[in-house]
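Student: Quick one: sequence plus predicted model below, questions after.
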Amino acid sequence: MTTDDNYQAELIRHLLSIDSPKAMDAALASLLTPAEYQEISKRLQIFKLLREGVPHRKIAETLGVGIATVSRGSRALTTLPSSSPSSRTD
């Protein structure tokens, strides 16, 4: 395992230890720039809209992102494990 892998594993453990939405918001706001936080939020919306069957171009228009960003999200979505929260439709 590389140092970067260790850092990512530590990040995941840190995030998993957070027990409330308010604390998670504070943690993400402290770890990410406002632009990074917004980008991640939009990426989750891309996953959600793709699962709902919304066309790529409509997602791009709705979220104000490029079609390449939606396509990248579509490719990423295919690699998510089925137990991932963002792979759920609920």
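Tutor: In hand now; what should we look at?

Student: Show me the helices in this structure, by range?
Tutor: Assigned by DSSP state H, the chain shows helices spanning 3-16, 21-31, 34-51, 56-63, 67-77.

Student: Include mean neighbour count and mean pLDDT when you put those helices into a markdown table, please.
Tutor: C-beta: built from backbone N, CA, C; applies to glycine. Formatted as a markdown table, the helices of the chain follow (neighbours: other C-beta atoms under 10 Å; pLDDT from 0 to 100):
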| stretch | mean neighbour count | mean pLDDT |
| --- | --- | --- |
| helix 3-16 | 10 | 95 |
| helix 21-31 | 11 | 96 |
| helix 34-51 | 15 | 95 |
| helix 56-63 | 15 | 97 |
| helix 67-77 | 15 | 93 |
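
Student: Chain neighbours aside, what residue packs nearest to residue 29?
Tutor: Spatial nearest neighbour of residue 29, excluding adjacent residues (C-beta to C-beta, 6 or more residues apart in numbering): residue 37 at 6.3 Å.

Student: so how far is residue 46 from that neighbour?
Tutor: Going from residue 37 to residue 46 by C-beta to C-beta, to the nearest Å gives 15 Å.

Student: And for residue 16?
Tutor: Relative to residue 46, and taking C-beta to C-beta, residue 16 is found at 23 Å.

Student: What of residue 32?
Tutor: Distance from residue 32 to residue 46, by C-beta to C-beta: 17 Å.

Student: do residue 73 as well
Tutor: Using C-beta to C-beta, residue 73 is found at 4 Å from residue 46.

Student: Ok, residue 17 next?
Tutor: In this view, residue 17 and residue 46 are 27 Å apart by C-beta to C-beta.

Student: same deal with residue 53?
Tutor: 13 Å.

Student: Also residue 36?
Tutor: 15 Å.

Student: got it, and residue 28?
Tutor: 18 Å.

Student: Repeat that for residue 23.
Tutor: 25 Å.

Student: and if you look at residue 20?
Tutor: According to C-beta to C-beta, residue 20 and residue 46 sit 26 Å apart.

Student: Now residue 31: closest residue in space that isn't a chain neighbour?
Tutor: residue 11 (7.9 Å).
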